[in-house]
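> When you get a sec, could you give me coordinates for this:
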Amino acid sequence: MDGQAQQSDTRNTGTDQVFAAIRQASSIPRIDIARMTGLSPATVTSITADLINRGLIEEITAQAPTTAQKQRGRPRVNLKVRGAAHLIAGMKLSDKAVTVAILDFEGNQTADFTAPTDVATRSAADTADFLHESLTQALKAADLKLSNLSGIGIGITGFVDASSGHVQWSPNIVERDYPLRDLMRTKLGLPVFIDNDANLVALAEQRFGLGKKARNFIVVSVEQGVGMGIVIDGKIYRGSHGRGAELGHTKVHLDGALCRCGQRGCLEAYVGDYALLREASTALDLQTKGNADIQMEYLLQEARSGNELAHSIVHRAGRMFSMGLANVVNIFAPELIILSGERMQHDFLYADGMIEEMKKSIVQAGGPPPEVCVHQWGSQMWAKGAAAFAIDGIAESELARAT
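Residues are numbered from 1 along each chain as shown. Coordinates of the predicted model:
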């Protein structure tokens, strides 16, 4: 590497550090950026001047100036990400609904949209058409156009390789190993970023929620299936080809119940909605109770009302779930576990008895067990995580062009 190239690479690294410090702090003076990054004040001043000129950050008055500052005529100035620099859409596709959140570059939500899906599973081409149509509706409702956006983030259930944009398997798409990101890029004419939805929930918690102050935490989401997002040392862990963090497909019973992934004995095959309804369908005559949501409500009501069969089904799901959480703690030793997702509105998965059972199954090495929190966000949580992922991608592209 010649001297000029090395200087440019060093400069880009410094730019990344400065921008990351500003975003992490929300609002910060230049001198504190220098302390956080280890860069010289002169370098920080040069980099921030370039970022201001390019419209990515802006100066704000930090607070009412002190008497000394008034006398010097220099009120304290902080730097923040310039929200108006970009507008980003995040989308979450599930078997029940599509959710859209529109965020500015700073992460402030400016609009949201939710619409039910008419079918749970589509071809990849139909999925792309449906996402496009849903985005168009969301933008119309927000009085925006596609040209107002700088990028799109998409979260989807299943095995997703975020680096290549391939959906290797999803219960919502017929085909396997399909390049959905490239298909959406061609259709929309914009940068598109796609990832597993549980990873994006973890990103949402890190950026906007309970994980803001934690460096190592786990998010476990329970809906139709069981997902997990892992944050290690402040970064999302995805594993090779995006196939890591699949808690729902860890095995809890040899040759056990059939999972929708095609294998047997997965945790999801005992905890997911479809698994509980499958087990209870005949004994409780669920076919006469309406759709899956109504059936699930009926099953839980029966369990609470003393129906022994319903209680045993639900209780076993809770025990299996506590076993899965204990395995997570024993492997990762997180400081925090966040339970989220639609099913968290019901307590059978996180009642005190289940959490205590988890604690009994973890290795006691002298330290305290992780804090377990339930965060019952609405469906917008997923879409906000997708938008945050796209914001990161747009920021990386912008900073790579820094002079």
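> and residue 88, what element?
For residue 88, the host element (DSSP states H and E) is strand 87-93.
> Export only the CA atoms of that strand, formatted as CSV.
Extracted as CSV, the C-alpha positions of strand 87-93 are listed here (Å, rounded to 0.1, in the frame of the first residue of the first chain):
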residue,chain,number,x,y,z
LEU,A,87,-35.2,9.0,4.7
ILE,A,88,-35.3,5.2,5.1
ALA,A,89,-38.1,2.6,5.1
GLY,A,90,-38.1,-0.6,7.1
MET,A,91,-40.4,-3.5,6.4
LYS,A,92,-41.2,-6.6,8.4
LEU,A,93,-43.0,-9.5,6.6
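> Quick one: mean pLDDT over that strand.
Mean pLDDT, strand 87-93: 97.
> Summarise which helices and strands the lengthiest helix in the chain is packed against.
For the chain, the longest helix by residue count, based on DSSP state H, is helix 308-332. Counting contacts by 3 or more C-beta pairs under 8 Å, 6 or more residues apart in numbering; DSSP states H and E, helix 308-332 is packed against strand 217-222, strand 226-232, helix 268-271, helix 273-280, helix 292-304, strand 336-340, helix 352-360. (C-beta placed from N, C-alpha, C; glycine too.)
> gap between that helix and the chain center?
23 Å (C-alpha atoms, centre = their mean, to the nearest Å).
> ok so, going back, neighbouring strands for the strand holding residue 88, and are they parallel or not?
Sheet pairing here is set by DSSP bridges, and for strand 87-93 it gives strand 97-104 (antiparallel), strand 151-156 (parallel).
> so after the longest one, what's the next helix or strand?
Elements were assigned by DSSP H and E; along the chain past strand 97-104, the next helix or strand is strand 109-116.
> Which of the helices and strands in the protein ranks last by mean pLDDT?
helix 67-72 (a mean of 54; mean pLDDT, DSSP states H and E).
> what's the spacing between residue 134 and residue 92?
10 Å (C-beta to C-beta, to the nearest Å).
> what residues are shared contacts of the two?
Residues touching both residue 134 and residue 92 (C-beta atoms under 8 Å, 6 or more residues apart in numbering) are residue 98.
> So between those two, which is more surrounded?
residue 92 (27 against 20; other C-beta atoms under 10 Å).
> Show me what that one bridges to in the sheet.
Going by DSSP bridges, residue 92 forms beta bridges with residue 99, residue 155.
> I figured it hits residue 114, correct?
No: under the criterion of C-beta atoms under 8 Å, residue 92 makes no contact with residue 114, lying 9.3 Å away.
> Quick check: neighbours shared by these two?
With C-beta under 8 Å, 6+ apart as the test, residue 92 and residue 114 both reach 98-99, 379.
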